[in-house]
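[1] Predicted model and sequence below, questions to follow.
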Amino acid sequence: MPIKLLGWRLFMAFYWRVFVLLICGCYSNNGIVHNRTTNSMDYSSSWAIRIPLVHFSNLSDLHALADRIADEAGLVNRGQIGGLKGHYLYIHNNTFFNQSGIKEHVLGKMQNSITELLAKHPSIEWSRQEVVRMRYKRSLQFKDQYFPSQWHLDNLRFIGHDINVTGVWENNITGRGIVVSVIDDGVEWTNPDILDNYSSEGSWDINSNDDDPMPRADEAGLNHHGTRCAGEIAAVPNTYCAVGVAYGAKVSGVRILDGPMTDSLEAMAFNSKMHINDIYSCSWGPDDNGKTVDGPHQLAQAALAHGVLAGRKGYGSIFVVASGNGGHFKDNCNFDGYANSIYTVTIGAVDELGDMPYYAEHCAAMLAVTYSSGQGMQRNIVTTDWRLGTGTGCTDKHTGTSAAAPLAAGMIALMLQARPCLSWRDVQHIIAITAVKHDVDDSDYYTNGAKYHHSHKYGFGLLDSWRLVNTAKVWKAVPWMTSWSTPIIHVGKQIPTSTNQLIEKYYVSKDNVGEVVTLEHVTVTVNLKHRHRGNLMVSLVSAEGTTSKLATARQHDRSSDGFVDWTFSTVRCWGEKPQGTWQLIVIDNGFDHSRGFLKDWKLTFYGSSMTPEEIQKRQRLVEEASSGKYLHSNDTPPCPPRPPLYAPQDVVSERTLKVLLLLGGFCLLVSIYYTVDVVFDCEASDEGSADTASGEPQEETPLLSNKLAEEDQIRLSHILERGAKKGVTHDDRSKEMDHVAPSKHSTSPVDEKKRVEEFERRLRFAMEQSLYLQAQHLSAMDKFEKDLTKATEDSLLTHALHKSRLEETDANKKSKVPLKGILKKPRGYVLKTDMVTA
C-alpha cells in the first residue's frame, strides 16, 4: 500500500510538471507567441501595468519594485513603456513546447489568473492585458488587370529598379491639372483606359486637318504607337488594363506621323494648342540607321524656340524627346537635331536591371534615362494598346526609347502639379540635379567642375519621381537665360589621319561672357569637309577640363557631305564657369588616306547669372527635400509673375491694329512735312551764301533785328496806355463821387488824390526801369554783333592768306586745290564784309 501510494504521488507530480511546462509553452523570451480570441477580441500574452510614483523619489527603486512584481506573477519585465514613467510591459517566460497543442480554455484560465493577480496587487494602480489590433499600410491598391506586371511603377522582382512613384501617389500627386500632348500617329481616345483622361481641347489631327486624332487602321497594324505612349502617361485606374504614371493628368493627341512630314507640319505640331498643352511627348526622330545627320529645320527650330517662350502662358512648353534606337548601328544622338536641341529634354533608356540596352544611343546632349525594355528574359513595358486591327486594348510589348520618353513626360507632369510655375529651364535644372547616379557601369560617369555627374550613356542618371517632385515643391526659379557666342573661328587646316589629332584652342575671358556666370548648354557649330564622314571623331574640352564626345565614329556613315553648319550640343559642362581655354579636338580614325578639312567653328554658351555658391546650395536642398519634409508643408517659394508678353489672350485686336495703322500714317506724314521743310530751308540758306560769295551788295541785317526794337517800343507804349486807363484821375473820381451818396467809410477827396498820384508815380518809375533794362540789353546785343563780325573778318583774312600760300606752293600745277570747308552763316541775317584777296 505504501508503495502504491508512493507511485500515485510520483505519477501526480509528473502529471502536474508536464501540465505546467505545457502551459509555459505558450510564451517566449522574445515576446508574444500565442493569442486568445474572445468575443472578437484578440488577446495577447502580455500585460501593461502602472505603479504610482508618489512614494518613489528614486527611479531605480521604482524599477526594482516592477521587477519583484513580475517575479511574483511568473512574468518577465520588458522595461518601461516608451517615455511613460511608472508604466511597464510584462510578458511570460521560459517556453520550449510548441503552443499549438494548448487548448483554448486552458490558455484562457492561465491568462485570467495572471490578470486577476495583477489587478489585486497592492502596489499596482492599473493593469491591462494587451489586445492585438490590426493596422494596415496605406499603399494604393489598383484593380487594373495588368498593374502587377507594370514593374516600371513598382518592381517586386528587383527591388528599387523602378521610377519610385508610389510614394508620390500616396501624397495625392497624380498630375492633376496638367495636359500632356502625344505627338505621334494618333491616339485611340475611345480606349477605356484613356477615355476619362482624354483632352479633346488639346488635340488636333494635322494629317487630316480636323480635331479628331484617331489613328488610321493601316494594313500593317503599326499605328498603335501613339496610343501606347498615351497609356504610359495617363491611363485611368480602373479594372481594364494598366495605370499611367500621371493617372490624374489629361492626355491629348496630335496626329502627324501617318503621312508625309515637312518642316511646316513639324512646326505646327510643336505649337499645337500650346495654351492648353503643357508637355509634348515625342517618341520619334530621324532614321536611326547610323548614317543620318538630320534634325529640325528652320520652321521647326523656330517653333521650338517660340514654344519655350510663349507656351504655358509664358513659363514655356516642355518638349520631351526620345534619344533614339540606333545603338546597334553605333549611332549617336548628337547627330539627331531634336535630341541635340537646347530646348528639349532628351531621354534615353535602361533595362530592368539598369543596364544600357543594345538599342540605346549615347551622346553628350543626353539629359537623363528611365526604364524600358531589355533583351532575353527581361520584361517590356505594359501599357494600353489600340483596339483596331489585331489590337486588344492592352499590351506588354511596348519597347525602346519610345517607351522611356512618355515615362519621363508623366514624371514631369507630377512635378508641374507640385509646382505649376516651373519654367522649361527649371525642369531641366531639376532633372540634372536630382537624377540618380546608379551603380551600373560607374566608370562612364564623370564629375565635372560643378560637382555634377554625367555619363554619355545615362546622362545625369536615372529619373526618380520622389526626388523630382520633392525638389520641385521648394524650387526657386532660376535666373533668366543669357548667352554669348564667339566669333566664327576660321581654321582652314587639314585633319591628320591615324593617331594624330587636330587641336584648336580658343580663350574666353570673363569680360567676354558678360552675365553668363555658370553654364547650362554649350553648342559647337562646325563646318568641315571629309570624304567619309563616319571616320571622324569630334570632342570638346571645357575650360575646367570636362571632355564631351560630340561626334563618334560610325562605320555605316560613308557620306562625303561632311558637316555644314551642324550644331553639336553638350550638357556635360552644366554649372561650370565659361572663362578659360576651350579646345576642339578632331580625329580621323580612317585608314583610306581620305583627307578632311576643318574650315571654321563657333562656340555658344547658354547659362545664367547663377553663382557656383548658389548651385551648391541647391544641391544641398535636393538631399534635404528628398526626406519628404516639404511635401505637406506650405514652405514653398512664391511663383514668379507670369510673363504677360506671351499670353495668347493678349493678341492685338483688329480695332487696335487699325488705330496703330492710322497713327503710323500720321507719323509718316509729319516726317515727310518736316523733311520737305528742312530741304527748302537749306536751299534758301545756300542761295544766301551764293549771293554773299558773288560780292553783290546786301542789306545789312544786325544780329538783333530792328524789328525787335520796334516791337519793344510798341509794347512799352501799350503798357503806358493801360496804365493811363487804369490810373483814375482826380477829376474823374470827382465826377463819380457826385453820383454816389456819402458814407462813413468813404475816403476824402484829398486822400483819393494822393492815392492816384502815388499810383502814377510808381507806374512811371516801373516804365523807366523797364526802358533802362531794355536799353542795356540792346547795347549788349549790338556789342556782340560787332565782335562776331570782327571775328568773322579775321577768320576770312586768315583763310585768304593760307590760300595764297598754297597757290604759291602749287604754282606749277595746272589746277588749284579747291577750298575745303564752307563758312556757314546763321539763318535770318547776312554778314556784310569786304572780300580780302591775297
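    All right, it came through fine. Numbers count the residues shown, from 1 in each chain.
[2] In contact with residue 357: list those residues for me.
    327, 349, 350, 351, 372, 373, 374, 375 (Cβ atoms under 8 Å, 6 or more residues apart in numbering). For the C-beta atoms, the positions are set from N, CA and C on the backbone; glycine is no exception.
[3] quick check, nearest of those residues to residue 458?
    Nearest to residue 458 among the contacts of residue 357: residue 350, at 6.9 Å, using Cβ to Cβ.
[4] Which positions are bridged to that closest one in the beta structure?
    Assessed by DSSP bridges, residue 350 has beta-bridge partners residue 371.
[5] Could you check the pLDDT of it?
    What the model reports for residue 350 is a pLDDT of 96.
[6] Now do it against residue 452, distance only.
    Using Cβ to Cβ, to the nearest Å, residue 350 is found at 19 Å from residue 452.
[7] next one: residue 130
    Distance, residue 130 to residue 452, by Cβ to Cβ: 53 Å.
[8] Next: residue 329.
    For residue 329, the distance to residue 452 (Cβ to Cβ) stands at 29 Å.
[9] Who has more neighbours out of those two?
    residue 452 (23 against 20; other Cβ atoms under 10 Å).
[10] From what I see, the more buried one and residue 432 are in contact.
    Yes - assessed by Cβ atoms under 8 Å, residue 452 is found in contact with residue 432 at 6.3 Å.
[11] list residues touching both of the two?
    460, 574.
[12] So what does residue 272 look like in phi/psi?
    Backbone torsions for residue 272, taken as degrees, to the nearest 10, come to phi -70, psi 120.
[13] Flag every buried residue along the one helix or strand residue 300 maps to.
    Using DSSP states H and E, residue 300 sits within helix 298-310. Buried residues in helix 298-310, counted by 16 or more other Cβ atoms under 10 Å: 299, 300, 301, 303, 304, 306, 307, 308, 309, 310.
[14] so what pLDDT did the third one get?
    Per-residue confidence for residue 301 comes out at a pLDDT of 96.
[15] Disregarding residues adjacent in the polypeptide, which is nearest to it?
    residue 341 (7.6 Å; Cβ to Cβ, 6 or more residues apart in numbering).
[16] so that neighbour sits right up against residue 295, yeah?
    Yes - here residue 341 reaches residue 295: they are 7.3 Å apart, a contact under Cβ under 8 Å.
[17] Now name the helix or strand holding the spatially closest residue to residue 149 that is not a sequence neighbour.
    Spatial nearest neighbour of residue 149, excluding adjacent residues (Cβ to Cβ, 6+ apart): residue 382 at 4.8 Å. Here residue 382 is covered by strand 381-384, with elements defined by DSSP H and E.
[18] what's the answer for residue 251, then?
    Element membership for residue 251, per DSSP H and E: strand 250-255.
[19] How far off centre is that strand?
    Taking Cα atoms, centre = their mean, to the nearest Å, one finds the center of strand 250-255 at 23 Å from the center of the full chain.
[20] when you give positions from now on, start the count at 37
    All set: I'll call the first residue 37, so the last point we hit is now strand 286-291.
[21] quick check: angle from the helix or strand that comes right after that strand to helix 334-346?
    Toward the C-terminus, strand 286-291 is succeeded by helix 299-306 as the next helix or strand (DSSP H and E). Taking axes from the mean of the first three to the mean of the last three Cα atoms, to 10 degrees, one finds helix 299-306 and helix 334-346 inclined to each other by 20 degrees.
[22] what are the pairing partners of the helix or strand following helix 299-306, and which direction each?
    The C-terminal neighbour of helix 299-306 among helices and strands, as given by DSSP H and E, is strand 315-318. Strand pairing for strand 315-318, using DSSP bridges, gives strand 215-220 (parallel), strand 354-358 (parallel).
[23] Quick one: these as TSV, columns for distance to residue 587 too.
    Output for those, formatted as TSV (distance: least, Cβ to Cβ, whole Å):
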stretch	distance to residue 587
strand 215-220	28
strand 354-358	19
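[24] May I see those organised as CSV, with mean neighbour count, mean pLDDT and distance to residue 395 added?
    Formatted as CSV, these follow (neighbours: other Cβ atoms under 10 Å; pLDDT from 0 to 100; distance: least, Cβ to Cβ, whole Å):
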stretch, mean neighbour count, mean pLDDT, distance to residue 395
strand 215-220, 29, 98, 19
strand 354-358, 28, 98, 11
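[25] any weak-confidence spans in the stretch 187-336 of the chain?
    Scanning the stretch 187-336 of the chain for pLDDT under 70 picks out the ranges 255.
[26] Go through the strand holding residue 418 and flag the buried ones.
    Those buried within strand 417-420 under the rule 16+ other Cβ under 10 Å are 417, 418, 419, 420.
[27] Adding distance to residue 548 and pLDDT, write the residues you listed out as JSON lines.
    Shown next, in JSON lines, are the buried residues of strand 417-420 (distance: Cβ to Cβ, whole Å; pLDDT from 0 to 100):
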{"residue": "417", "distance to residue 548": "47", "pLDDT": "96"}
{"residue": "418", "distance to residue 548": "52", "pLDDT": "96"}
{"residue": "419", "distance to residue 548": "49", "pLDDT": "96"}
{"residue": "420", "distance to residue 548": "52", "pLDDT": "96"}
